[in-house]
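> When you get a sec, could you give me coordinates for this:
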Amino acid sequence: MLPLPSLPLHGREPGVAEAAAMLAGSLRARRGQGLCVAVALCGWDRAGPGLWYVYSDGTRLPLDVVAVGSGSPYAYGLLDGAYRPDMAPAAAYALARRAVAHAARRDAYSGGAVDVFHVRQSGWVWVSHGDVGEVRGLAQGLGIPGEEEQEEEVKGAD
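Next up is the predicted model:
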């Protein structure tokens, strides 16, 4: 296990930005040792929702939308043109599924399962799970079946 860089937390849980800084610091300390890590770190803390991209070299960037992995350029092809900060949750879930399906269709190393989670102030919610083969054909479609699906129970808490 990697030791965490020390931050003055004073007995409290780290916020999302602090957790990203801790992870980035741990990775930066191991730069040049063969690690290749790209992480989308998200959560909700006293500052509100947070989404960070953290990379092996210690890079950390706050973002509104993030895709990681070898298929991420293909996912961004859809996300950059369709994402809006004011999207309804069902539309955002559908866009996320389409972006992953598009990446899996174009990138030989992408595939497997498509899991969609919604991070809220009260914790994270598992929205959907599907095999990428089931959603691959949706990459070119305009709609996603099941957009009206119900969210599962909250799994984590603040």
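> okay, CA-based contacts and neighbour counts for the rest of this
Noted.
> In contact with A82, which residues?
With contact taken as CA atoms under 8 Å, 6 or more residues apart in numbering, A82 is in contact with L95.
> Return the backbone torsion pair for it.
phi -120, psi -20 (degrees, to the nearest 10).
> where's it relative to G69, distance?
Distance of A82 to G69, given as CA to CA, to the nearest Å: 20 Å.
> One more: G50?
Distance, G50 to G69, using CA to CA: 20 Å.
> who has more neighbours, the two?
A count of neighbours by other CA atoms under 10 Å puts G50 above the other of G50 and G69, at 18 against 14.
> Buried residues of the biggest helix by length in the chain, list them for me.
Ranked by residue count under DSSP state H, the longest helix found in the chain is helix 89-106. Residues of helix 89-106 classed as buried: 90-106 (neighbour count, 16 or more other CA atoms under 10 Å).
> Return the list of helices and strands in contact with that helix.
helix 72-82, strand 113-120, helix 132-135 (3 or more CA pairs under 8 Å, 6 or more residues apart in numbering; DSSP states H and E).
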